[in-house]
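Novice: quick one, what's the 3D model for this:
(one chain, ligands or ions: 2)
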Amino acid sequence: MVASAAIVLAAGQGTRMRSRLPKVLHPLAGRPMLLHVLDALARASVEERVVVTGHGAEQVEAALPDGLAAVRQEPQLGTADAVRVGMTRVPASTRHVIVTSGDVPLLPADLFGALLHEQAEGDAVMALLAARVGDPTGYGRVVRDADGDCRAIVEETDADEATRAIAEINVGCYCFDAAWLRANVGDVPASASGEFYLTDLVALALAAGRRVSVVTAPRAELTIGINDRVALAGAEQLMRREIAERHMRAGVTIVDPSSVRIDAEVQIGQDARIEPGTTLLGASVIGQEAVIGPNAHVVASRIGPRAHVWASIVEEASVGEDAEIGPFSHLRPGAEVGPRCRIGNYAEIKNSRIGAGTQQHHFSYVGDADVGDDVNIGAGTVTANYDGEQKNATLIGDGAFIGSDSMLIAPVTIGAGARTGAGAVVTRDVPPNTTVVGMPARPIELRRRSATTAGEDRNTQTGGGSTP
Ligand code: UD1
Ligand code: MG
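Specialist: Ligands and ions are numbered 1, 2, ... in the order given. I've put the predicted structure just below:
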């Protein structure tokens, strides 16, 4: 038996957003606002969740978590019509139905619980969530009777001046007795605009001598409905503040919360420090005691404990413990930087594993490479990974020393402990513990010999790796 179900209304066009993206898919803290609503309902232990889709249905349904029931409302004739359609997917055994809107994304789970409790424990067939706000413009107003119960919800367009002055708004979130809702939702009369308003169920309940009770939201700012992009920006700011506070309470230092953006799914370890101007996006995971920023941009990446990332961009990459990244490094998708590495100014790494303790302090490009431990990558090193047709791999063994301005023409392997001279153009594999120089690079002994034969001794410089 299903005790409680929730219907989430998400079929409306959202005209006031002036967007081609369905309103409920506009992101808040990195996730579509609809998913925030569904998460909160799941946390409130609602057993069954049904989403009513319509406008942009295919896009909205594609964004839903697997296994979630969606039902289409075609055409969209108003919120009561949407609930009537939603009820076709609510199991017959359900006793209480929460109805909430996909465009009211900040409601905390405990408010759903409070509504459910209010309706389930009392004799009201409907309990609604109200909030006292500074500016009620655009919302339905809650008119109460002498007992504090709801006498009517009056939509802004239908309200006279006295009713418009009421600062208590209908949040758009309700809990109904399931049997009563099923029996009555189809009887709502059309409004002047031709739409069927869910709010008109109040009049039906009262006419039948039933009660409609009211739960007041303790934090009115969390009841905001997103109808346009101004409200969207307001909600974003609020949600980000909530997220930052949650991390700070859990032991993360955020030096200047107003300049930091942290997405909802980000996890941050204890005693990490987030410096100003930093954005942490997607499902990023930041290790304990890591220092991120100032001015770091981390997207869907893992940063190890005690690592430091400053003034750098890290996207879909991972950074090992105690590593130092930046300033001005760019770790692109698939970069896996090992523990204790030092990656510095204008270093770019893509789809490459970098072993422990490896150093790449200066401007350089490493792509499609597997680099061992304790390698030194000199300034200006380039893995020439693209031959115009395909990407090729570069392998660099442990302890190798890549001299400044080396061009590694992939596919190529540099053996463990090998060295390349400054300006070497490496076109063939280099055996372990061998030094190659020149263009094309050859082992230094061979070059020395041929240079002596020719009476000159050029191009035999080794080293040239720029060090810290
Ligand atoms: C609604 C309430 C209003 C309340 C406000 C709170 C009604 C009549 N009014 O107004 O009292 O103060 O929310 O934010 O309910 N939807 C459908 N199908 C439809 C129409 C709408 O699924 O045919 C969905 C929308 O996608 C949206 C939700 O229902 O998620 C609310 O619709 P919206 O048009 O935003 O109603 P409001 O004018 O905000
Ligand atoms: Mg709305």
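Novice: residues near the closest residue to L331 other than its chain neighbours, how many?
Specialist: Nearest non-adjacent residue to L331, counting by C-beta to C-beta, 6 or more residues apart in numbering: A317, 3.9 Å away. No exception for glycine: its C-beta is placed from N, CA and C like everyone else's. Residues lying near A317 (other C-beta atoms under 10 Å) number 25.
Novice: get me the contact residues on the stretch 51-200 of the chain for ligand 1.
Specialist: Within the stretch 51-200 of the chain, the positions adjacent to ligand 1 are 52, 54, 73, 76-79, 81-82, 101-104, 139-140, 153, 155, 169-172, 197-199 by C-beta under 6 Å from any ligand atom.
Novice: contacting ligand 2 as well, which ones from the residues you listed?
Specialist: Restricting these to those touching ligand 2 (C-beta under 5 Å from the ion) yields D103.
Novice: poorly predicted segments of the stretch 1-150 of the chain, please.
Specialist: Scanning the stretch 1-150 of the chain with the threshold set as pLDDT under 70 gives 1.
Novice: buried set for stretch 42-50?
Specialist: Residues of stretch 42-50 classed as buried: 44, 46, 48-50 (neighbour count, 16 or more other C-beta atoms under 10 Å).
Novice: export these as CSV, with columns for secondary structure and distance to ligand 2.
Specialist: Formatted as CSV, these follow (DSSP: H, G, I helix; E, B strand; the rest coil; distance: C-beta to the ion, whole Å):
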residue, secondary structure, distance to ligand 2
A44, coil, 21
V46, coil, 21
E48, strand, 23
R49, strand, 19
V50, strand, 19
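Novice: pretty sure A441 sits against T427.
Specialist: Yes. The criterion here is C-beta atoms under 8 Å, and A441 meets it with T427 at 6.9 Å.
Novice: so where do the helices sit in the stretch 301-450 of the chain?
Specialist: Ranges of helices within the stretch 301-450 of the chain are 444-453, based on DSSP state H, counting those that start in this stretch.
Novice: in the protein, what residue lies closest to ligand 2?
Specialist: G225 (4.1 Å; C-beta to the ion).
Novice: gap between that residue and N392?
Specialist: With distances taken as C-beta to C-beta, to the nearest Å, G225 is found 54 Å from N392.
Novice: quick one: name the residues of the protein near ligand 2.
Specialist: 103, 225, 227.
Novice: between the residues you listed, which is closest to Q360?
Specialist: D103 (47.2 Å; C-beta to C-beta).
Novice: counting neighbours, what do you get for the closest one?
Specialist: 25.
Novice: that one and R16 touch, don't they?
Specialist: No. Applying C-beta under 8 Å as the test, D103 and R16 come out as separate, 10.1 Å apart.
Novice: give the residues shared as contacts by those two.
Specialist: N227 (C-beta atoms under 8 Å, 6 or more residues apart in numbering).
Novice: so who does the closest residue to W310 other than its chain neighbours touch?
Specialist: By the measure of C-beta to C-beta, 6+ apart, the closest residue to W310 outside its immediate chain neighbours is G326, 4.4 Å from it. Applying C-beta under 8 Å, 6+ apart to G326 gives the contacts 296, 308-312, 343-345.
Novice: same deal with V299?
Specialist: 281-282, 284, 313-316.
Novice: which one of the residues you listed has the most neighbours?
Specialist: V314 (29 neighbours).
Novice: who does that one bridge with?
Specialist: Counting by DSSP bridges, V314 forms beta bridges with V298, L331.
Novice: ok, of the contacts of V299, which one's closest to P65?
Specialist: G282 (16.7 Å).
Novice: hmm, that closest one is touching D263, no?
Specialist: Yes. The criterion here is C-beta under 8 Å, and G282 meets it with D263 at 6.0 Å.
Novice: hey, what's in contact with both of these two?
Specialist: Common neighbours of G282 and D263 (criterion: C-beta under 8 Å, 6+ apart): G30.
Novice: next, format the contacts of V299 as JSON lines and append pLDDT and distance to A418.
Specialist: JSON lines is the format used below for the contacts of V299 (pLDDT from 0 to 100; distance: C-beta to C-beta, whole Å):
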{"residue": "L281", "pLDDT": "98", "distance to A418": "39"}
{"residue": "G282", "pLDDT": "97", "distance to A418": "38"}
{"residue": "S284", "pLDDT": "98", "distance to A418": "36"}
{"residue": "I313", "pLDDT": "98", "distance to A418": "31"}
{"residue": "V314", "pLDDT": "99", "distance to A418": "29"}
{"residue": "E315", "pLDDT": "98", "distance to A418": "31"}
{"residue": "E316", "pLDDT": "98", "distance to A418": "31"}
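Novice: any idea how far the helix ranked longest in the chain is from the chain center?
Specialist: Longest helix of the chain, by residue count under DSSP state H: helix 229-249. Distance of helix 229-249 from its chain centroid, counting by C-alpha atoms, centre = their mean, to the nearest Å, is 13 Å.
Novice: buried set for that helix?
Specialist: Applying 16+ other C-beta under 10 Å to helix 229-249 flags 231-232, 235-236, 238-240, 243-244, 247 as buried.
Novice: in those residues, find the pair that's most separated.
Specialist: Going by C-beta to C-beta, the pair spanning these furthest: A231 and H247, at 24.9 Å.
Novice: ok, which stretches of the stretch 351-468 of the chain are strands?
Specialist: 353-354, 359-360, 364-367, 369-371, 376-377, 382-384, 394-396, 401-402, 407-409, 412-414, 419-420, 425-426, 435-437, 442-443 (DSSP state E, counting those that start in this stretch).
Novice: might you name the residue of the stretch 1-150 of the chain sitting closest to ligand 1?
Specialist: Residue nearest to ligand 1 within the stretch 1-150 of the chain: G140 (2.3 Å; C-beta to the nearest ligand atom).
Novice: from the stretch 351-468 of the chain, which residue is nearest to ligand 1?
Specialist: N351 (41.1 Å).
Novice: distance of the nearest residue to that residue once chain neighbours are set aside from A250?
Specialist: Distances taken as C-beta to C-beta, 6+ apart place G334 nearest to N351, at 3.5 Å, with adjacent residues excluded. Going from G334 to A250 by C-beta to C-beta gives 30 Å.
Novice: which one's more surrounded, these two?
Specialist: Set side by side, G334 and A250 show more neighbours around G334, with 16 against 11, by other C-beta under 10 Å.
Novice: in contact with N385, which residues are there?
Specialist: 367-369, 391-394, 410.
Novice: run the last query once more with 7 Å
Specialist: By C-beta atoms under 7 Å, 6 or more residues apart in numbering, the residues touching N385 are 367-368, 391-392, 394, 410.
Novice: please convert the buried members of the residues you listed into PyMOL selection syntax.
Specialist: Selection of buried members from the contacts of N385 for PyMOL, criterion 16+ other C-beta under 10 Å:
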select buried, resi 367+368+392+394+410
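Novice: next, format the contacts of N385 as JSON lines and append pLDDT and distance to S191.
Specialist: Listed next are the contacts of N385 as JSON lines, based on pLDDT from 0 to 100; distance: C-beta to C-beta, whole Å:
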{"residue": "G367", "pLDDT": "98", "distance to S191": "61"}
{"residue": "D368", "pLDDT": "98", "distance to S191": "62"}
{"residue": "K391", "pLDDT": "97", "distance to S191": "61"}
{"residue": "N392", "pLDDT": "97", "distance to S191": "67"}
{"residue": "T394", "pLDDT": "98", "distance to S191": "68"}
{"residue": "A410", "pLDDT": "98", "distance to S191": "68"}
